[in-house]
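**Q** no FASTA, just this:
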């Protein structure tokens with residue numbers, strides 16, 4: 001039985017909520033204020049807490065903060081009057097899953113409680129398209145709770161974070177927990193499509209609109225009608241094209257290239273970026289008006305190095321995942337291996353950790369994953385330092401390294417970097433220390449021709 005703690009200083013309100021939730025099969029415990037609630041919360045086993053905002057001795061906001069210190073995983077639903085809506089919004093930022101306004105019907109309360117339990121299940125680990133993002137730590141649980149609040153509306157969401165933190169995964173999660181979940185989800189990588197083609201890709205074109213337009217074509221916005229469009233790495237979009245995107249957002253309509261009239265849209269827009277958008281605006285690379293249109297509901301994914309509470313759970317998840325994929329029998333991870341994992345900087349974030357553990361599982365032939373299985377996944381200099389190995393030529397002569405030409409090494413490095421940044425040429429060039437033009441020429445040389 002799901003157990004709910006109801007905290008309210010009005011006896012009639014407590015009893016009404018208790019009756020409604022008991023009728024729905026929930027176990028209910030009552031408390032008359034925040035201090036009483038904290039005392040009863042110590043008994044444990046609560047699936048959620050419902051609390052009034054205005055109470056004597058300890059108000060709802062203070063009560064919420066104390067709950068999050070003691071039991072960060074327990075969802076809190078706030079009851080508020082009109083005059084305290086702003087405080088309720090602030091409380092959501094502090095970790096409350098939602099708030100409900102007085103006066104409310106018991107049916108509305110029951111629906112909100114059911115939704116809150118779903119949110120709590122989602123916050124402990126969510127999965128989209130076969131990929132999972134665990135959220136055990138308080139910081140990530142708060143983020144997922146806010147994402148659930150965003151999902152219930154049509155507000156434009158801007159998701160920020162370093163490469164590899166799971167921005168697209170969070171965007172898919174928002175779509176799949178929204179009222180639009182049964183309609184299309186269309187993702188567009190603004191960094192991987194050349195500027196000359198992006199406008200046609202987004203907005204579509206009519207036959208004869210430009211050389212090579214042999215037939216009419218719907219753009220990504222039309223394909224996402226009634227659903228959600230994700231503009232991945234929006235900061236890479238050409239400045240001139242940003243004005244057209246702004247008009248689409250404002251007017252809720254799109255005009256194909258070569259068209260004589262607009263096409264109305266019913267669409268939800270999500271966007272991601274790994275840049276400091278305020279800096280991009282200040283330096284003239286991104287339109288300020290578009291930024292504010294996109295930033296209605298901002299969410300920021302923390303880098304993995306700031307998610308200490310989640311690292312162990314993520315590592316266990318990946319070991320289990322690749323155990324099944326490669327039919328290994330790994331039943332344990334040694335303390336030394338866990339220590340190594342916890343101490344890594346993970347500059348590539350979750351994507352780097354996943355790749356590292358996939359290789360480690362492949363290398364492990366026994367039942368325990370050891371530190372040595374993770375070591376080959378380090379950069380050569382780090383591995384040599386850790387292993388106190390001899391000169392490179394000694395190891396090469398002994399056959400422990402594969403001989404390859406400089407051309408092959410260069411190709412491998414570029415391919416690996418492109419994979420890490422999901423094909424983003426600008427970011428790859430910056431990491432490699434070369435120009436985008438040089439990178440494009442190298443890719444053509446390797447037979448991986450990118451248009452544009």
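**A** Here it is on my side, so go on. This structure is a prediction, so every number in the text was calculated from the model and none was measured. Numbers count the residues shown, from 1 in each chain.

**Q** got a list of what the closest residue to residue 261 other than its chain neighbours touches?
**A** Closest residue in space to residue 261, ignoring its immediate chain neighbours: residue 255 at 7.2 Å, by C-beta to C-beta, 6 or more residues apart in numbering. C-beta here means a position set from N, CA and C on the backbone, and glycine is covered the same way. For residue 255, the contact set (C-beta atoms under 8 Å, 6 or more residues apart in numbering) comprises 203, 261, 262, 263.

**Q** Next one, pLDDT for residue 255 please.
**A** As summarised for this prediction, residue 255 has a pLDDT of 87.

**Q** For residue 198, see how far away it is.
**A** 15 Å (C-beta to C-beta, to the nearest Å).

**Q** How about the strand or helix carrying residue 148, which residues are buried there?
**A** Residue 148 belongs to helix 138-151 when assigned by DSSP states H and E. Applying a neighbour-count criterion of 16 or more other C-beta atoms under 10 Å, one finds 139-151 buried in helix 138-151.

**Q** ok, these vs residue 332, which is closest?
**A** Proximity of those to residue 332 was ranked by C-beta to C-beta; the top entry is residue 140 with 25.4 Å.

**Q** Wait, the closest one touches residue 307, no?
**A** Yes: the criterion here is C-beta atoms under 8 Å, and residue 140 meets it with residue 307 at 6.3 Å.

**Q** quick revisit: which helices and strands sit right next to the helix holding residue 148?
**A** When contacts are defined as 3 or more C-beta pairs under 8 Å, 6 or more residues apart in numbering; DSSP states H and E, helix 138-151 packs onto helix 85-93, helix 106-123, helix 167-176, strand 297-300, helix 308-325.

**Q** Mind listing residues that contact the fourth one?
**A** Right, the one you point to is strand 297-300. Contacts of strand 297-300 with the rest of the structure, by C-beta under 8 Å, 6+ apart, involve 143, 146-147, 150, 153, 155-161, 170.

**Q** Work out the sheet partners of it and label each with its direction, please.
**A** strand 157-160 (parallel) (DSSP bridges).

**Q** Can you list the neighbours in contact with the strand it pairs with?
**A** So strand 157-160 is contacted by 147, 150, 167, 170-171, 174, 234, 270-274, 277, 294-301 (C-beta under 8 Å, 6+ apart).

**Q** switch the cut-off to 7 Å
**A** Contact with strand 157-160 is made by 150, 167, 170-171, 174, 270-273, 294-295, 297-301, as judged by C-beta atoms under 7 Å, 6 or more residues apart in numbering.

**Q** Strands of the stretch 301-450 of the chain, residue ranges please.
**A** Assigned by DSSP state E, counting those that start in this stretch, the stretch 301-450 of the chain shows strands spanning 332-333, 368-369.

**Q** right, so those: which one is the most enclosed?
**A** strand 368-369 (a mean of 20; mean count of other C-beta atoms under 10 Å).

**Q** pLDDT and distance to residue 219 added to the buried residues of helix 138-151, as TSV?
**A** Output for the buried residues of helix 138-151, formatted as TSV (pLDDT from 0 to 100; distance: C-beta to C-beta, whole Å):
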residue	pLDDT	distance to residue 219
139	81	37
140	84	34
141	77	37
142	79	36
143	85	31
144	82	31
145	77	34
146	83	30
147	86	27
148	81	30
149	81	30
150	87	25
151	88	25
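
**Q** just the residues you listed now: which is nearest residue 244?
**A** When the buried residues of helix 138-151 are compared for distance to residue 244, the smallest value, 25.1 Å, is given by residue 150; criterion: C-beta to C-beta.

**Q** who's in contact with the closest one?
**A** Neighbouring residues of residue 150 by C-beta under 7 Å, 6+ apart: 157, 174, 297, 299.

**Q** Could you find the closest non-adjacent residue to it?
**A** With C-beta to C-beta, 6+ apart as the measure, residue 297 is the residue that lies nearest to residue 150, at 4.6 Å, once sequence neighbours are left out.

**Q** give me the number of residues near residue 408?
**A** Neighbours of residue 408 under the rule other C-beta atoms under 10 Å: 11.

**Q** And for residue 273?
**A** What residue 273 shows, counting by other C-beta under 10 Å, is a neighbour count of 22.

**Q** Could I get the pLDDT score of it?
**A** Taken from the predicted model, the pLDDT recorded for residue 273 is 96.

**Q** these two touch, right, it and residue 236?
**A** No: counting by C-beta atoms under 7 Å, residue 236 is not a contact partner of residue 273; they are 8.5 Å apart.

**Q** I'd like the average pLDDT over stretch 221-236.
**A** In the prediction, stretch 221-236 has an average pLDDT of 95.

**Q** any residues touching it, and which ones?
**A** Outside of stretch 221-236, the residues that reach it under the criterion C-beta under 7 Å, 6+ apart are 168, 171, 175, 180, 183-191, 202-204, 220, 248, 254, 263, 265-275, 277, 280, 286, 294, 424, 426.

**Q** In helices only, show me those residues.
**A** When helices are assigned by DSSP state H, the members of these inside them are 168, 171, 175, 202, 203, 220, 248, 277, 280, 294, 426.

**Q** What is the most widely separated pair among the residues you listed?
**A** Longest span within the ones in helices among the contacts of stretch 221-236, C-beta to C-beta: 175 and 426, 26.3 Å.

**Q** Out of those two, name the residue with the larger neighbour count.
**A** Here residue 175 and residue 426 are set side by side on neighbour count (other C-beta under 10 Å), and the busier one is residue 175, at 24 against 14.

**Q** what's the distance between the residue nearest the centre of the chain and residue 411?
**A** With the centre of the chain defined as its mean C-alpha position, the nearest residue by C-alpha atoms, centre = their mean is residue 170, 3.0 Å away. With distances defined as C-beta to C-beta, the gap from residue 170 to residue 411 amounts to 33 Å.
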